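# attaching a predicted model along with its sequence, questions to come.
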Amino acid sequence: MKKYILGFISALILIGLIYVGYKIFPKPYNWERPAGKPFIDVKNSKTAVICYWKQNYCDYFTPSTDSGSLKVLVTVDGKPGKEIEVNLWTSQKPGGSDEFYTKYTDDNGVAFFEGITSGTYYPNYNLNGFPKEYGNAYTAWETQKVEVIKGTTKEVTINLSQKQ
């Protein structure tokens with residue numbers, strides 16, 4: 001009987017630890033969305049979406065009247081980087097701003113961010129789709145500063161190689 005009681009208490013403690021860990025540690029966006037916010041399938045979205053870091057959700061956005069576009073070409077050892085998630089932050093440090101745009105690269109290695117608000121952005125990788133053999137997605141390459149100007153399309157290439 002003692003063994004059953006100890007087993008039951010151990011199970012309760014384990015469940016409690018799992019629950020506390022779930023509440024404490026950060027979760028990827030879209031796990032817990034505010035009530036009424038739709039689930040956005042970022043990987044299969046035809047357009048870039050805007051994500052809210054602190055609120056843990058992404059949503060479609062309406063281009064502003066002060067918008068431009070950014071074409072990000074990702075190459076991996078000289079070849080198109082397919083299905084790599086690219087994020088555009090307004091802060092040089094990922095997570096340094098609450099909002100960011102996100103889009104996966106297509107078969108040509110291009111992530112096209114159309115209709116984003118004009119301003120300064122810092123494209124960065126995300127762990128989603130990032131080739132593991134290249135190390136940490138957040139430190140694999142030096143962040144570039146990109147200016148998006150109203151009514152224009154800016155192009156930037158990000159070269160990823162194992163030599164870095």
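Great, that's in hand. The shown structure was predicted, so the numbers you read here are calculated from the model rather than taken from an experiment.
# after the strand ranked longest in the chain, which helix or strand is next? Please name it.
Secondary structure assigned by DSSP state E gives strand 67-76 as the longest strand of the chain. Next helix or strand after strand 67-76 toward the C-terminus (DSSP states H and E): strand 79-80.
# that next one: partners in the sheet, and parallel or antiparallel?
strand 67-76 (antiparallel) (DSSP bridges).
# got the contact list for the strand it pairs with?
80-81, 84, 86, 88, 103, 105, 108-118, 121, 123, 131, 134, 146, 148-161 (C-beta atoms under 8 Å, 6 or more residues apart in numbering). C-betas here are computed from N, CA, C, even on glycine.
# among the residues you listed, which are in strands?
80, 86, 88, 103, 110-117, 121, 123, 146, 148, 153-160.
# drop anything exposed from those residues.
Using 16 or more other C-beta atoms under 10 Å as the burial test, the ones in strands among the contacts of strand 67-76 include 86, 88, 103, 110-113, 116-117, 121, 123, 146, 148, 158, 160 as buried.
# most widely separated two among those residues?
Maximum pairwise distance among these (C-beta to C-beta): 26.9 Å, between 117 and 160.
# what about dumping the CA coordinates of the longest strand of the chain to PDB?
Taking Å, rounded to 0.1, in the frame of the first residue of the first chain, the C-alpha atoms of strand 67-76 are listed here in PDB:
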ATOM      1  CA  SER A  67       4.900  51.000 -47.400                       C
ATOM      2  CA  GLY A  68       7.700  49.600 -49.400                       C
ATOM      3  CA  SER A  69       8.900  46.000 -50.100                       C
ATOM      4  CA  LEU A  70      12.000  43.900 -49.400                       C
ATOM      5  CA  LYS A  71      13.200  40.900 -51.300                       C
ATOM      6  CA  VAL A  72      15.600  38.800 -49.200                       C
ATOM      7  CA  LEU A  73      17.600  36.200 -51.200                       C
ATOM      8  CA  VAL A  74      19.100  33.500 -48.900                       C
ATOM      9  CA  THR A  75      21.900  31.400 -50.300                       C
ATOM     10  CA  VAL A  76      23.400  28.300 -48.600                       C
END
